[in-house]
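Novice: Below: sequence and its predicted model.
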Amino acid sequence: MPQDRDSASSSATACAAASASVRGDGTPKAAPADRRAEALERIAAALEAHVTPKPAPLDFGAADAFVFVAATGALQPVRNVNRVDLSLLRGIDRARGLLYDNTERFARGLPANNALLWGARGMGKSSLVKAVHATINARHAGAPGFGPLKIVEIHREDIGALPGLMARLRDAPFRFLVFCDDLSFEAADTTYKSLKAVLEGGIEGRPANVLFYATSNRRHILAREMVENERNTAIHPADAVDEKVSLSDRFGLWIGFHPCSQDEYLAMVQGYADHFGLAVEPGQIVREALEWAVTRGSRSGRTAWQYIQDLAGRLGKAIA
């Protein structure tokens, strides 16, 4: 009998071992070494999925305007840029002359400055950058030794990737305007420090074939509360404030935009109307344009353009 019990116990142990090595579907379970290998393969696959892919080669011949895609490091060609003719930007003659001269010198290989276009909203800051770029390329096309000037837009939220973009443009056989529209920084944002190093002061410095243009409603780009907070809480307030506002000092060219007068606003409206052939009695266009500005609460180039779009729509005339 004891032998029978021992035999039964051995059989039960063998059955338990056999069942433990078999999955519910009847297939054999993996050995511990195999399971470790599978786990390592899964970890390797997960790490591979999070590795940033190598940026694709940049095709600068695809267009003269690009948008920088920070996630992939690619430049997306923009073949139809949203812009207006330089001659239609009225009421900003001084700003237009300053930016055009600076950009033309750069396009010809001469020294030029980074530019900050700051001030009143809707007065044509970003429109001026795009119009100047197009005008210079058109006027110098075919000139001996002139290569098309490229413009690359980088979005505000991607400023942290600017050093990588500059590095990729450094050795390219073209000159580039890197453009950021509506650049500003809030209290918790520290990416402005990266921008400072890229523009001036980094060990490599700004590439000789790159200029940085930015527009902002703020003269010092940073929010006022950032500066006031430093002034009120820092051990050495003057030093802390200087560290904050020195970002705007990296721009050698400051161009201010201010609210326009009524006469300048009406000149903008009439300039658009003449350019697009909108046949309206002068008295009517003045009355409607002023009323439009009152309802919008401002007089600016943007307000003038919005009125012109409304007028063209009522007249059944397409404008491009």
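Specialist: Ah, there it is.
Novice: so how far is Arg139 from the residue nearest to Arg121 when sequence neighbours are not counted?
Specialist: Nearest non-adjacent residue to Arg121, counting by Cβ to Cβ, 6 or more residues apart in numbering: Asn217, 5.8 Å away. Where you see a C-beta, it was placed from the backbone N, CA and C, and this is true even at glycine. Separation of Asn217 from Arg139 (Cβ to Cβ, to the nearest Å): 31 Å.
Novice: I'd guess Leu177 is in a helix, am I close?
Specialist: No - Leu177: not assigned to a helix; according to DSSP: H, G, I helix; E, B strand; the rest coil it is strand.
Novice: show me the residues around it that make contact.
Specialist: Shown in contact with Leu177 (Cβ atoms under 8 Å, 6 or more residues apart in numbering): Thr103, Phe106, Val129, His133, Leu149, Lys150, Ile151, Val152, Val210, Leu211, Phe212, Tyr213.
Novice: partners of it in the sheet?
Specialist: Beta-bridge pairing for Leu177 (DSSP bridges): Ile151, Leu211.
Novice: isn't Leu195 right next to Ser216, touching?
Specialist: No - if you go by Cβ atoms under 8 Å, Leu195 and Ser216 don't touch, sitting 11.9 Å apart.
Novice: where along the stretch 51-200 of the chain do the helices fall?
Specialist: Here the stretch 51-200 of the chain has its helices, by DSSP state H, counting those that start in this stretch, at 93-107, 125-140, 162-169, 192-199.
Novice: Quick check: which of those is buried the most?
Specialist: helix 125-140 (a mean of 20; mean count of other Cβ atoms under 10 Å).
Novice: What's the mean pLDDT across it?
Specialist: For helix 125-140, mean pLDDT is 96.
Novice: Can you pull the poorly scored residue ranges out of the chain?
Specialist: 1-33, 47-56, 187-190, 201-203, 220, 222-246, 320 (pLDDT under 70).
Novice: Ala289: neighbour count?
Specialist: 25 (other Cβ atoms under 10 Å).
Novice: one step back: burial count for the residue nearest to Arg121?
Specialist: Asn217: 15 neighbours (other Cβ under 10 Å).
Novice: pretty sure it is touching Ser184, no?
Specialist: Yes - shown here, Asn217 and Ser184 form a contact pair, counting by Cβ under 8 Å, at 7.2 Å.
Novice: May I have the phi/psi pair for Gly256?
Specialist: phi -90, psi 140 (degrees, to the nearest 10).
Novice: distance of Thr295 from Gly109?
Specialist: 48 Å.
Novice: Of the two, give the one with the bigger neighbour count.
Specialist: Between Thr295 and Gly109, counting by other Cβ under 10 Å, Gly109 is the more crowded of the two (13 against 9).
Novice: Which residue, other than its chain neighbours, is closest to that one?
Specialist: Using Cβ to Cβ, 6+ apart, the closest residue to Gly109 is Arg175 (7.6 Å).
Novice: Can you give me the distance of the one you found to Thr303?
Specialist: 34 Å.
Novice: Please enumerate the strands of the stretch 151-300 of the chain.
Specialist: 176-180, 210-216, 253-257 (DSSP state E, counting those that start in this stretch).
Novice: Switch the ones you listed over to TSV; also include distance to Gln76.
Specialist: Compiled in TSV, those are given as follows (distance: least, Cβ to Cβ, whole Å):
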stretch	distance to Gln76
strand 176-180	14
strand 210-216	18
strand 253-257	28
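Novice: Which of those sits closest to Glu264?
Specialist: Nearest to Glu264, of all the strands of the stretch 151-300 of the chain, is strand 253-257, at 11.8 Å by Cβ to Cβ.
Novice: what angle sits between the closest one and helix 125-140?
Specialist: With axes from the mean of the first three to the mean of the last three Cα atoms, to 10 degrees applied, the angle from strand 253-257 to helix 125-140 works out at 120 degrees.
Novice: Just checking: what are the partner strands of strand 253-257?
Specialist: In the sheet, strand 253-257 lines up with strand 115-119 (parallel) (DSSP bridges).
Novice: can I get the CA coordinates of the strand it pairs with in PDB?
Specialist: Provided in PDB are the C-alpha atoms of strand 115-119 (Å, rounded to 0.1, in the frame of the first residue of the first chain):
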ATOM      1  CA  ALA A 115      15.100  92.300 -37.200                       C
ATOM      2  CA  LEU A 116      12.300  92.600 -34.600                       C
ATOM      3  CA  LEU A 117       9.100  94.100 -36.000                       C
ATOM      4  CA  TRP A 118       7.000  95.100 -33.000                       C
ATOM      5  CA  GLY A 119       4.000  97.300 -32.200                       C
END
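Novice: Give me the residues contacting it.
Specialist: With contact meaning Cβ under 8 Å, 6+ apart, strand 115-119 is reached by 95, 99, 102, 125-126, 128-129, 211-219, 221, 248, 251-258.
Novice: so how far is that strand from its chain's centroid?
Specialist: Offset of strand 115-119 from its chain centre (Cα atoms, centre = their mean, to the nearest Å): 15 Å.
Novice: just the angle between it and strand 176-180, please?
Specialist: Interaxial angle of strand 115-119 relative to strand 176-180 (the same axes, to 10 degrees): 30 degrees.
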